[in-house]
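S.K.: quick one: sequence plus predicted model below, questions after.
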Amino acid sequence: MKPSLIYLFALLLCASTVIGQKKYTADWASLETRGIPAWFNQSKFGIFIHWGVYAVPSYAPVGPGGYSEWYWYQLDGRTDGPHDATRAFHDKNYGKDVPYQDLEKQFTASMFNPDQWADIFRRSGAKYVVLTSKHHEGYALWDNQQANESWGRTWNAVQGTPHRDLLGDLTNAVRKAGLKMGYYYSLYEWFNPLWKKDKQQYINQVMIPQFKDLVTKYKPSVIFSDGEWELSDTAWHSTSLLAWLYNESPVKDEVVVDDRWGSNTRGKHNGATYLTSEYGSGMQPGVIWEESQGIGQSYGYNRMENVDDYKKSADLTLMLVDIVSRGGNLLLDIGPTADGRIPVIMQQRLIDIGAWLDVNGEAIFDTKTWKETRQWSEGKVPELKESNFMSDYSISNLIKPAKDRAHVEMFFTQKGTTLYAVVPAYVPQVKIKNYMPSKKAQVSILGCAKKVSGKQVGKDFVVDLSGLTPGDLPTQLFTIRIK
């Protein structure tokens, strides 16, 4: 054999080995070996968007579980009868005999400006966006024929009232703004005629081809699967679908997916999927996970929520810090209106988070967990007044005042050998317990030009902030960097 042929044969053998390493079989053991693409956990902050026909009534009783996107189910789907408040609202505003699907005529998206949305998301500091391509109501935000055919009526945004590819237009704008785009996708649909008649037929004729249509046309970086709880992963053919996604789809190398692929999959199979927490206490370090919450209680826009039902900007920022300190991502939800506007109060919350990240983002993005996620420090204060602290936070949760001392809860992240301590309020002295940086380490405050110093005191490292006043800090929730 000629040397050139030997070389060619070696290249082909090497290539076949590489290709073989990238092939995953349709079982969790194989899929878990893929791992989560690194970009996801480095990104830390994403925007969730719940938008569909439910934005027309935009109604739910305020409180835990008050999700306006579940309006149709509350109206017609509860086994114990309709939700009395929802039925009363519907009958009064739309008429007793008006079916939910007729509300689609008012889902106009007439003021939808995807570039303006994308600009808000960019300014928030978020790195990725996840839009509901289809919620449990089955209405598709792109031109999908499975939606129309299975329902026996027009049930997508392109052929329906908006007459627009809402998903595609936002996707283009988000990517133009430099962010990654992903989609929420509900496996099941409450009232789809085929789902109610034959679940396996629905899976084979609607769910699987529809999912592949979404992925192939729009190439998502994230897939947030949901609506999985009525069937097992086997019944959903989930491992086969993920094997296709990771082996053959146009996003096989970049895409990340969540853990909602069957009644038996949440909290499992990390490596194949990231784990999800929803309005919960989140998870501890050691897994790739994401917490999703709305700015209010609902995911979809809920007209019943008032200003006091929305989390304050400082609360949201602290939530981001807390989640990142535990190794997670925050997927923060907004609910646009039926005519396509992001409520101004939601825009303001996002812009406020972005302003904080402009100064402190170094302590958030592309960071890892430290050996401890948080500590209560101890700082001497000459006179403790609440005016020194952030009024947007619960002082009792973050600050424990005493007669002449204050305990301050700090959150930690790290990047290489650099440690970041995010502190919720000014105190003249911050003690980081059981920490010994290198003797050459430099101490600074992100965004602050004034010098600060630190010294080793036994096993602890003490940062002296006595030369500063609260007014010297660039943000009330500030970051100490030890590098």
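M.R.: Received it, and whenever you're ready, just let me know what you need. Residues are numbered from 1 along each chain as shown.
S.K.: just give the closest residue to S232, not the sequence neighbours.
M.R.: G262 (4.7 Å; Cβ to Cβ, 6 or more residues apart in numbering). Every residue, glycine included, has its C-beta placed from N, CA and C.
S.K.: neighbours of that neighbour, how many?
M.R.: Burial of G262 is recorded as 23 neighbouring residues (other Cβ atoms under 10 Å).
S.K.: and the gap between it and A425?
M.R.: Computed with Cβ to Cβ, to the nearest Å, the distance linking G262 and A425 is 45 Å.
S.K.: before we move on, what about S186?
M.R.: Per Cβ to Cβ, S186 is found 42 Å from A425.
S.K.: for P162, same thing?
M.R.: The value you get for P162 to A425, if Cβ to Cβ is used, is 47 Å.
S.K.: likewise K217?
M.R.: Taken as Cβ to Cβ, the span from K217 to A425 is 49 Å.
S.K.: neighbour count winner among these two?
M.R.: The residue with the greater number of neighbours, taking K217 and A425 and applying other Cβ under 10 Å, is A425; the counts read 22 against 16.
S.K.: surely L166 is in contact with A140?
M.R.: No. The pair L166 / A140 is not scored as a contact, 9.5 Å apart, by Cβ atoms under 8 Å.
S.K.: E149: neighbour count?
M.R.: The number of residues packed around E149, counting by other Cβ under 10 Å, is 13.
S.K.: show me how far the helix or strand where it lies is from its chain's centre.
M.R.: Assigning secondary structure by DSSP states H and E places E149 in helix 145-151. Relative to its parent chain, helix 145-151 has a centroid offset of 29 Å by Cα atoms, centre = their mean, to the nearest Å.
S.K.: what residues sit buried inside it?
M.R.: For helix 145-151, a neighbour-count test (16 or more other Cβ atoms under 10 Å) marks 146-148, 150-151 as buried.
S.K.: which other residues reach that helix?
M.R.: Under the contact criterion Cβ atoms under 8 Å, 6 or more residues apart in numbering, helix 145-151 has outside partners 134, 138-140, 154-156, 159, 192-194, 202, 205-206, 209-210, 213.
S.K.: tell me which element the residue nearest the centre of the chain is part of?
M.R.: Centroid-nearest residue in the chain, with Cα atoms, centre = their mean: L331, separated by 1.5 Å. When elements are assigned from DSSP H and E, L331 belongs to strand 328-334.
S.K.: now the helices: where do they sit in the stretch 151-300 of the chain?
M.R.: For the stretch 151-300 of the chain, the helices defined by DSSP state H, counting those that start in this stretch cover 166-176, 193-197, 199-202, 208-218, 233-236, 238-247.
S.K.: got the angle between the fourth one and helix 238-247?
M.R.: Following axes from the mean of the first three to the mean of the last three Cα atoms, to 10 degrees, one obtains 20 degrees for the angle between helix 208-218 and helix 238-247.
S.K.: between helix 208-218 and helix 166-176, how big is the angle?
M.R.: If you take the same axes, to 10 degrees, helix 208-218 sits at 40 degrees to helix 166-176.
S.K.: who's in contact with helix 208-218?
M.R.: For helix 208-218, using Cβ under 8 Å, 6+ apart, the contacting residues are 133-134, 140, 142, 144, 146-147, 167-168, 171, 181, 183, 185, 220, 223, 237, 241, 244-245, 249-251, 255.
S.K.: go with 6 Å
M.R.: Contacts of helix 208-218 from elsewhere in the structure, counted by Cβ atoms under 6 Å, 6 or more residues apart in numbering, are 133, 144, 146, 171, 249.
S.K.: tell me who's in contact with the closest residue to L242 other than its chain neighbours.
M.R.: Ranked by Cβ to Cβ, 6+ apart and with sequence neighbours excluded, the top spatial neighbour of L242 is L31, at 5.5 Å. Residues touching L31, when contacts are defined by Cβ under 6 Å, 6+ apart, comprise 24, 242, 272.
S.K.: one more time with 8 Å, if that's ok
M.R.: So L31 contacts 24-25, 239, 242-243, 246, 269, 271-272 (Cβ under 8 Å, 6+ apart).
S.K.: wait, which of those is closest to S281?
M.R.: Within the contacts of L31, the smallest distance to S281 is 21.2 Å, found for H269 (Cβ to Cβ).
S.K.: need the pLDDT of the residue nearest to S232.
M.R.: The model reports G262 with a pLDDT of 98.
S.K.: residues in contact with it?
M.R.: Residues counted as contacts of G262 (Cβ under 8 Å, 6+ apart) are 228, 231-236, 238.
S.K.: most neighbours, which of those?
M.R.: Neighbours were tallied for each of the contacts of G262 (criterion: other Cβ under 10 Å), and the maximum of 27 neighbours falls on S238.
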